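Asker: any chance you could fold what I've pasted below:
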Amino acid sequence: MKFKILIADDEKGIREGLAESLETDGYDVVIAWDGDTAWKRFQKGDIDLAIIDLRMPGMNGDELLKRIKSESLAVPVIVLTGHGTVKDAVEAMRNGAWDFLTKPVDIDRLSILVKRALGNRARRLEREHLEEELERQRINNAIIGTSEPIRRVFDTVERVAPTKASVLITGESGVGKELIADSIHRLSPRKDRPFIKVHCAALAESILESELFGHEKGSFTGATARKRGKFELANGGTLFLDEIGEIDQNIQIKLLRVLQEKQFERVGGEETIEVDIRLVAATNKDLKEEIEKRNFREDLYYRLNVVTIFVPPLRERKDDIPLLINAFLKKISEENNKPIEGVDEKARSCLFNYDWPGNVRELRNCIESAVVMCKGPFITEEDLPPTIRSATEDGWIRIPSGTTLDKAEEIIILETLAAQKGNKSETAKVLSIGRKTLHRKLAEFNMGEEARKPVNNES
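Answerer: Alright, predicted model coming up:
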């Protein structure tokens, strides 16, 4: 990494002499002849260290130092003055200077100071980079994948997380919507505040209202004490409402009010409570369709849907399956104290070709089942649940080596017919042949009367 140094001094001979010396040491150098010019140059954001004169026309070095440190504490500043007093040195150090040199400048001493200051900056930058990578890795460990569809999700999460915008996460059950919500919170300025989750579909209307907004003692049978709701508990942080498409219209009205006015009352209470929360919601329903059915309020939908993040189903990001398999296998085999080394090729083929209607959750359950059933160092096809094994049998046609072209054609047609459950119209479409051609081929195969009978679902 080549560091860039800013030199600000109104004496041409000094700034050019320092620039020449530092360039000889291997640094990039930019120069400014007054404080105003130096500040404008610093604001471009690529300066790693500044060397500034305390006495310059226009903005003096004291003011420039304060502005630089207010903009970036991490950039070291070395101050120069021809009026070197203890008072100047103390004041400069108090304002954040890395060190202080008097004129005429000792070039060797300056070279040492620059090297030390930039060494410290390099370590700081490396530490910051490592922390960023660890945070990114932590996210990727929760939401595993490198495919293009999931990268788009990551990109949206990183852009929306620092904002205050409400987020609606959509996608099928089991795709990892809760993990996305968790990532949004952890990457937001609210990361040190509460992250409260509510599964709306799991609670009846009366219970959900109390769960969200709290209740006062005696407000209903069984309310023996005041209870704070999830909105209060999430104050200053993030509230995640999972399966929001399941909530009742009455709760929708109250929820809309909270989002609009940021205040509410507990059930049975009169005190108005103000809250500051970031709302993230998730659903596996098509809320626009629910609006048309009058099951969901349109005004609430637009309050929730400031930013939408669609989490793709696993069948649309199959490139991530090997990564998910390895991650789940490592974790689950350790939890079960079974030293399983991996998954053999046939089993991997089964896992890759299955459509995973239950998405990532179903894949994890499948790996857990396979780990339990596995007897050797590798998970085999026999260790997988029957539905996973049969999927590959339906998806692949195996033709033995040495088969003639005529026989291969017969195998392909009959296997495709079986895969389409006897539907000749669908079989002809899949094979891109006409129905008459298919019937003629079936007759040529000398099939029995049972196979030649018309199929009820033929269209």
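Asker: ok, residue 105 to residue 78 distance?
Answerer: According to C-beta to C-beta, to the nearest Å, residue 105 stands 10 Å off from residue 78. (C-beta placed from N, C-alpha, C; glycine too.)
Asker: scratch that, residue 350 is what I was asking about
Answerer: Distance of residue 350 to residue 78, given as C-beta to C-beta: 65 Å.
Asker: look at the two and report which has more neighbours.
Answerer: Taking neighbours as other C-beta atoms under 10 Å, residue 350 and residue 78 compare with residue 350 leading, 24 against 21.
Asker: give the rounded mean pLDDT of the helix or strand residue 17 falls within.
Answerer: According to DSSP states H and E, residue 17 maps onto helix 12-24. Helix 12-24 shows a mean pLDDT of 90 in the predicted model.
Asker: just stretch 98-111 next, same as before
Answerer: The pLDDT scores in stretch 98-111 average 87.
Asker: and for it, what are the contacting residues?
Answerer: Stretch 98-111 is contacted from outside by 14, 18, 21-22, 25, 49, 51, 76-82, 84, 88-89, 92-93, 113, 117, using C-beta atoms under 8 Å, 6 or more residues apart in numbering.
Asker: quick check on those: which are buried?
Answerer: Buried members of the contacts of stretch 98-111, scored by 16 or more other C-beta atoms under 10 Å, are 14, 18, 21-22, 49, 51, 76-81, 88-89, 92, 113, 117.
Asker: check which residues of stretch 361-372 are buried.
Answerer: Of all the residues in stretch 361-372, those buried under the rule 16+ other C-beta under 10 Å are 362, 363, 364, 366, 367, 368, 369, 370, 371.
Asker: for stretch 405-417, same thing?
Answerer: So, applying 16+ other C-beta under 10 Å, buried residues of stretch 405-417: 409, 410, 413, 414, 415, 416, 417.
Asker: quick one, what contacts the first one?
Answerer: Yep, that's residue 409 we're talking about. Shown in contact with residue 409 (C-beta under 8 Å, 6+ apart): residue 441.
Asker: what's the helix or strand for it?
Answerer: Per DSSP H and E: residue 409 is located in helix 405-419.
Asker: can you list the buried residues in the helix or strand just after that helix?
Answerer: As assigned by DSSP H and E, the chain's next helix or strand after helix 405-419 is helix 424-431. The neighbour-count check on helix 424-431 (16+ other C-beta under 10 Å) flags 424, 426, 427, 428, 431 as buried.
Asker: could you name the helices and strands sitting against helix 424-431?
Answerer: Applying 3 or more C-beta pairs under 8 Å, 6 or more residues apart in numbering; DSSP states H and E, we find helix 424-431 packed against helix 405-419, helix 435-444.
Asker: any chance of JSON lines for these, columns distance to residue 197 and mean pLDDT?
Answerer: Listed next are the helices and strands packed on helix 424-431 as JSON lines, based on distance: least, C-beta to C-beta, whole Å; pLDDT from 0 to 100:
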{"stretch": "helix 405-419", "distance to residue 197": "42", "mean pLDDT": "78"}
{"stretch": "helix 435-444", "distance to residue 197": "54", "mean pLDDT": "82"}
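Asker: possible to save the ones you listed as JSON lines with distance to residue 159?
Answerer: Shown next, in JSON lines, are the helices and strands packed on helix 424-431 (distance: least, C-beta to C-beta, whole Å):
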{"stretch": "helix 405-419", "distance to residue 159": "43"}
{"stretch": "helix 435-444", "distance to residue 159": "52"}
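Asker: so what pairs up with residue 263 in the strands?
Answerer: residue 274 (DSSP bridges).
Asker: if I look at it, how far off is residue 251?
Answerer: The gap separating residue 263 from residue 251 is 16 Å, by C-beta to C-beta.
Asker: and what of residue 61?
Answerer: 61 Å.
Asker: and those two? Which one has more around it.
Answerer: Taking neighbours as other C-beta under 10 Å, residue 61 and residue 251 compare with residue 61 leading, 26 against 21.
Asker: my guess is the more buried one contacts residue 55, does it?
Answerer: Yes: counting by C-beta atoms under 8 Å, residue 61 touches residue 55, with 6.5 Å between them.
Asker: re the thing from before, chain center to the helix holding residue 409, what's the gap?
Answerer: 45 Å (C-alpha atoms, centre = their mean, to the nearest Å).
Asker: let me see the contact set for residue 219.
Answerer: Residue 219 touches 266, 267, 268, 269, counting by C-beta under 8 Å, 6+ apart.
Asker: over to residue 341?
Answerer: 377, 378 are the contacts of residue 341 under C-beta under 8 Å, 6+ apart.
Asker: quick one: it from residue 333, how far?
Answerer: Using C-beta to C-beta, we find residue 341 at a distance of 9 Å from residue 333.
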